[in-house]
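[1] need the 3D shape of this:
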Amino acid sequence: MSISKDIQREKEKWALGSLLLNTFLTTLKFVFAIITGSLALMAEAIHSFSDLVVSAISLVSVRISSIKAENFPYGLYKIENIASVIIGIFLFFTAYEILKEAFFSKEPREVKHIEYAIGVMVITLFATFIYSRFEAKAAERLNSPTLKADAEHIWADALSSVIVLMGLIGVAIGYSIDKYAAAVVALFIIHSGWEIFSNGIKTLLDVSLSEEEINQIKNIIYEKPSVIEIKKIRGRSAGSHKFLELELVMHNYSLRETHKTVDDIEREIKEKIPNIDSVFIHYEPARQEGLRVAILTDENKKLRDFSTATKIEIYDISKDYCYEKTFELKVNPNEKEIGNVLTKLGIDIVISKNHPEDFEARWQIVKSSIMVWETNLENIENALNELIMSWKEYKEKEET
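    Just a heads-up that it's a prediction; the model follows:
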């Protein structure tokens, strides 16, 4: 079995362990809420139950939503969001009932066997603390953001357990504060319900990806030298799945190089951003209004060839024949490496003393449609001006 499969299996074990622990503790809270009559403990049981229901419905809906049919070619992903909206409404109603019972009930609740209720909450806090700590360590070891989020969520939920425990201790020493503890937990339930409900509604309305995700996508795209501009980023969510559409302007590379860049962008986006189901990329070539010229040179600003150059100076020449030095690179005198660099930078013409001798370097230049301008001029500025004058003459003839 591969290491990746072992890691995946261990992640699944921790996730299943979390689900089983929550199931056990939720059942325990419900049972003793009925035995003791504690409204606070019942509210806490419902709060825990809401997390369980969300997990269960997510599992079921993900299975159903991934089924593709003739009328639903993209799957039934939004079943997950419809379920979330229903759960959110259910939690609002439950919180309302708890608050009504706490403050408007004609018959006050009598809490019995208070020691049992306190014992249940102590067990709950101890178990959640231990499990969340171990799960957090496992998340760090396995590099799993999902397990890390689950561990933090478990421990955050323990806050409501602390409030219930304080309420029960207050009842034990003679203060009737069970209903107040229940009211506070009801607020937690409302908060959970709102998060679940609002996320479901946003996705049903095709809300875009988050700003953080959009920025991450932009960074991935602009790392590619062949990309000139991002014209459009359009994303939407359906269930836990996300769909992305991109419109890019790219240098006029060979079709093969362009396809490779597009494939790399799609792969990196899916690797770095969770739950991306599909990435549709439309690209168009840049308008050729100018030239990007590379000059093979050295520290003494003398013109060199592919085997002797130690620097590459890059110039962008505009349509009115003005030029501006963009940047320069230090390179090793390696013909193949220089060929790869020129391709990645979107060079149209490279000024050199000679064509490359290495076969792979020559092939790289040819397939990237890069023209090699040979000249015997030593001064790189003179060589550049020679090229510009020739290009100007060519353009004038083309226009006439």
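
[2] next, the buried residues of the helix or strand Arg236 falls within.
    Element membership for Arg236 (DSSP states H and E) is strand 227-238. Neighbour-count burial for strand 227-238 flags Val227, Ile228, Ile233, Gly235, Ser237, Ala238 (criterion: 16 or more other C-beta atoms under 10 Å). Every residue, glycine included, has its C-beta placed from N, CA and C.

[3] next: stretch 276-283.
    Neighbour counts using 16+ other C-beta under 10 Å place Ile276, Asp277, Val279, Ile281, Tyr283 of stretch 276-283 among the buried residues.

[4] rewinding a little: quick check, nearest of the buried residues of strand 227-238 to Gly119?
    Nearest to Gly119 among the buried residues of strand 227-238 is Ser237, at 43.0 Å by C-beta to C-beta.

[5] wait, that closest one sits on Leu209?
    Yes: between Ser237 and Leu209 a contact is recorded at 7.1 Å, counting by C-beta atoms under 8 Å.

[6] just checking, Glu284 is part of a strand?
    Yes: according to DSSP: H, G, I helix; E, B strand; the rest coil, Glu284 belongs to a strand.

[7] just to revisit the earlier point, which parts of the helix or strand that the strand holding Arg236 is followed by are buried?
    As assigned by DSSP H and E, the chain's next helix or strand after strand 227-238 is strand 241-250. Neighbour counts using 16+ other C-beta under 10 Å place His241, Lys242, Phe243, Leu244, Leu246, Leu248, Met250 of strand 241-250 among the buried residues.

[8] can you check stretch 261-277 too?
    By 16+ other C-beta under 10 Å, the buried positions in stretch 261-277 come out as Thr261, Val262, Ile265, Glu266, Glu268, Ile269, Lys270, Ile273, Ile276, Asp277.

[9] tell me the secondary structure at His355.
    Quick answer, by three-state DSSP: His355 is coil.

[10] assign a three-state SS to the closest residue to it other than its chain neighbours, would you?
    Excluding its sequence neighbours, the residue lying closest to His355 (C-beta to C-beta, 6 or more residues apart in numbering) is Val372, at 5.1 Å. Assigned by three-state DSSP, the conformation of Val372 is strand.

[11] which residues do Ser237 and Leu209 both contact?
    Here Ser237 and Leu209 share no contacting residue, scored by C-beta atoms under 8 Å, 6 or more residues apart in numbering.

[12] flag the shaky bits of the stretch 301-400 of the chain, pLDDT-wise.
    The stretch 301-400 of the chain contains residues with pLDDT under 70 at 319-327, 398-400.

[13] same thing but at 80, please
    Along the stretch 301-400 of the chain, the model assigns pLDDT under 80 to residues 318-333, 344-346, 367-369, 391-400.

[14] strands of that one, start to end?
    Using DSSP state E, counting those that start in this stretch, the strands of the stretch 301-400 of the chain run over 311-317, 323-330, 349-352, 371-374.

[15] among those, which is nearest Leu99?
    Evaluated over the strands of the stretch 301-400 of the chain, closeness to Leu99 peaks at strand 323-330, with 64.7 Å, by C-beta to C-beta.

[16] so how far is Gly37 from the nearest residue to Leu39 once chain neighbours are set aside?
    Leaving aside its chain neighbours, Leu39 sits nearest to Ala182 (4.1 Å; criterion: C-beta to C-beta, 6+ apart). Taking C-beta to C-beta, to the nearest Å as the measure, Ala182 falls 12 Å from Gly37.

[17] same question, Leu25
    Using C-beta to C-beta, Leu25 is found at 19 Å from Gly37.
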